[in-house]
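S.K.: here is my input; please provide its structure:
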Amino acid sequence: MNRKEKSAAHSHNFVFMVVLIIFTLFCVAAQGQEVPELDAVQEQKLVEGFDKTKKKGKFFKALYEDFLKYGTIYIAGNLNNPYQKQSIDYVVRTNPSGSLYDVPVVEDATEYHEFDYRYGLGIRRIARFDYENKEKAYYDGTEKNVALSSPTAAFDGWEYLFHWEKERERGEVFTNHRYFLRHTGKYHIAKIESRAEGNVGFEYNSAEVRARLPIGKKFSISAGAILRTHQQAFGYNPVEIWLNETNENGQAVNPWYTLGFEYGYDDIYYTQQDALGNNISDWYWTDPDGNIVANTDLEFRETVFADLMNRYNREQWALLDSFAEVAPIVGADYYLYREKFWLHTYINYILPYHKYVHGDEQYSYLHRNGWSEEGHDSMHQMGDGEQWDDYQGGIIMGWNITSKLGIFVEGEYTKFWDMEIFKSTVGLNLEL
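M.R.: Numbers count the residues shown, from 1 in each chain. Sure, this is the predicted structure:
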């Protein structure tokens, strides 16, 4: 054994002795301690502490098993080529160093957009029906599931989708979201949902509770109440009312051209004589910065004025609060699945007993037909307005006629207020 090996051996022996001594002292000290006896109060507190720990453990386990298990968290995005016109637009500009009649400058006036993009994140736990295949090997927030529309789910329990995204399309940036939470039991359905589609200006919130009655294993009916919101004041056209207001003599209180004055535009009268000696008179218009935007009243009315009308409407609509209404809702759901044939149909029907609980009711959908050129009809103001029906229905059917031939039909139609949304697919598959 050389010197280095002897030193290593002595080191190992020393460490072993130190560990042995510490262990011995610890055991002796432990044996020398006197463990006090617990009284009844202390013993009860100790038992309660153990019970609380067990309950917390059960709570988190139940939370995972009933709510989080099988959920998926995702973060995703994509980049796409922007929309591009097939042809290029050109305009001519006056040469800065010359006059109107010198050689002009030709410029590319085509509108080019930056690339389109979308990025988002979310968490989802949505059960698929037997006939639904997973669209991709991953989730990115673009999935469409029947469970988000049908009254009942593919299984009893919690389902949810909390999705947020931002996108740019044709140079405009939008923010979208969809928050969906539902609990389905054998005898109940409870659901809340919030949606916003920035690129189409759609915003919608709802909450509903229903009693559910299964009839056999394939059919169920449900009934309850639903609370919904909408932003638009249907039937209310502020600029039409403003322009058509008349005095006792039948004359316009607000002549059409005065709308330009409201936004800082001005008209200047002029006269001129053409080459034939004819006198011509009209009004040319300037914007708030003094730039000429139209050479005649007619040109102003057909160009700038149209934009001012829409601007006025948007500003007046923005002054209104959002609307919220409650109504009874019923639904039915039929689901049959076989290896070679499946059929799923569903319907939601909101009965014509709507009651507004938020927003100025005279601008609500109840009074959508109560507006005219003169304003709000007095009979509508005194009455309860006009009720309406809203509904949604869908069907998914597939039939594998042979091992090589199959047909399918899918469709859904939604009518909410003045909005109609529908989609359908019909097809045949033949494997060669």
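S.K.: mind pulling up the pLDDT for residue 71?
M.R.: For residue 71, the pLDDT comes out at 87.
S.K.: let me redo that: residue 12
M.R.: Residue 12 is assigned 48 on the pLDDT scale.
S.K.: burial of residue 180, as a residue count?
M.R.: Residue 180 has 20 neighbours, counted by other C-beta atoms under 10 Å. C-beta here means a position set from N, CA and C on the backbone, and glycine is covered the same way.
S.K.: need the three-state assignment for the nearest residue to it once chain neighbours are set aside.
M.R.: Nearest residue to residue 180, sequence neighbours excluded (C-beta to C-beta, 6 or more residues apart in numbering): residue 161, at 4.3 Å. Three-state call for residue 161 (DSSP: H, G, I helix; E, B strand; the rest coil): strand.
S.K.: tell me if I'm right that residue 161 and residue 122 touch.
M.R.: Yes: counting by C-beta atoms under 8 Å, residue 161 does reach residue 122; the two are 6.8 Å apart.
S.K.: can you show me the strands along the stretch 101-250 of the chain?
M.R.: 105-108, 116-125, 157-169, 172-184, 188-197, 202-215, 219-230 (DSSP state E, counting those that start in this stretch).
S.K.: got it, and the stretch 251-400 of the chain?
M.R.: Going by DSSP E, counting those that start in this stretch, the stretch 251-400 of the chain shows strands at 266-273, 279-286, 292-294, 323-337, 341-350, 355-358, 371-372, 375-376, 390-400.
S.K.: go through those and name the closest to residue 240.
M.R.: For the strands of the stretch 251-400 of the chain, proximity to residue 240 was assessed by C-beta to C-beta; strand 371-372 is nearest, at 8.2 Å.
S.K.: quick check: mean pLDDT of that closest one?
M.R.: Confidence over strand 371-372 (mean pLDDT, whole number) is 72.
S.K.: got it, and stretch 184-191?
M.R.: pLDDT averaged over stretch 184-191 gives 94.
S.K.: buried set for it?
M.R.: 184, 189, 191 (16 or more other C-beta atoms under 10 Å).
S.K.: with distance to residue 315 as extra columns, can I get those in TSV?
M.R.: Listed next are those as TSV, based on distance: C-beta to C-beta, whole Å:
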residue	distance to residue 315
184	44
189	41
191	35
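S.K.: looking at this protein, which helix or strand does the model trust least?
M.R.: Least confident helix or strand of the chain, by mean pLDDT, DSSP states H and E, is helix 3-32 with a mean of 45.
S.K.: quickly list the domain ranges of this structure.
M.R.: 120-233+324-351+389-430, 238-318 (automatic domain parsing).
S.K.: quote the end-to-end distance of the first one.
M.R.: This means domain 120-233+324-351+389-430. 37 Å (C-alpha to C-alpha, to the nearest Å).
S.K.: now that domain, how far from the chain's geometric center?
M.R.: Put simply, domain 120-233+324-351+389-430 sits 14 Å off its chain's centre (C-alpha atoms, centre = their mean, to the nearest Å).
S.K.: now swap in stretch 339-355 and tell me
M.R.: That offset, for stretch 339-355, works out to 22 Å (C-alpha atoms, centre = their mean).
S.K.: what of stretch 286-297?
M.R.: With C-alpha atoms, centre = their mean, you get 40 Å for stretch 286-297.
S.K.: please apply the same query to stretch 70-88.
M.R.: On the basis of C-alpha atoms, centre = their mean, stretch 70-88 sits 17 Å off its chain's mean C-alpha point.
S.K.: now the end-to-end length of that stretch.
M.R.: Taking C-alpha to C-alpha, stretch 70-88 runs 51 Å from one end to the other.
S.K.: now swap in stretch 193-211 and tell me
M.R.: So stretch 193-211: terminal residues 18 Å apart, C-alpha to C-alpha.
S.K.: and the contacts of that stretch?
M.R.: Residues outside stretch 193-211 that contact it (C-beta atoms under 8 Å, 6 or more residues apart in numbering) are 151, 167, 169, 172, 174-181, 187-192, 222-231, 329, 331, 416.
S.K.: now the domains of the chain in TSV, with distance to residue 58?
M.R.: Below are the domains of the chain laid out as TSV (distance: least, C-beta to C-beta, whole Å):
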stretch	distance to residue 58
domain 120-233+324-351+389-430	17
domain 238-318	51
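S.K.: residues contacting the closest residue to residue 233 other than its chain neighbours?
M.R.: Of all residues not flanking residue 233 in the chain, residue 363 sits nearest, at 4.2 Å (C-beta to C-beta, 6+ apart). The contact partners of residue 363, taken as C-beta under 8 Å, 6+ apart, are 233, 236, 320, 323.
S.K.: cutoff 7 Å now
M.R.: 233, 236, 320 (C-beta atoms under 7 Å, 6 or more residues apart in numbering).
S.K.: can you check residue 395 too?
M.R.: With C-beta under 7 Å, 6+ apart, residue 395 has these contacts: 345, 409, 411.
S.K.: ok, residue 316 - contacts?
M.R.: Residue 316 neighbours (C-beta under 7 Å, 6+ apart): residue 238.
S.K.: so what pLDDT did it get?
M.R.: Reading off the model, residue 316 has pLDDT 93.
S.K.: how close does residue 130 get to residue 336?
M.R.: 10 Å (C-beta to C-beta, to the nearest Å).
S.K.: who touches both of these two?
M.R.: residue 342.
S.K.: what's the separation between residue 387 and residue 227?
M.R.: 17 Å.
S.K.: with neighbour numbers in mind, choose between these two.
M.R.: residue 227 (16 against 12).
S.K.: doesn't residue 327 make contact with that one?
M.R.: No: contact criterion C-beta atoms under 7 Å: residue 227 and residue 327 do not qualify, at 8.5 Å.
S.K.: which residues of the stretch 1-150 of the chain score low on pLDDT?
M.R.: 1-56 (pLDDT under 70).
S.K.: again with the stretch 151-300 of the chain
M.R.: For the stretch 151-300 of the chain, not a single residue meets the criterion pLDDT under 70.
S.K.: identify, from the buried residues of stretch 184-191, the entry nearest to residue 66.
M.R.: The nearest member of these to residue 66, counting by C-beta to C-beta, is residue 184 at 12.6 Å.
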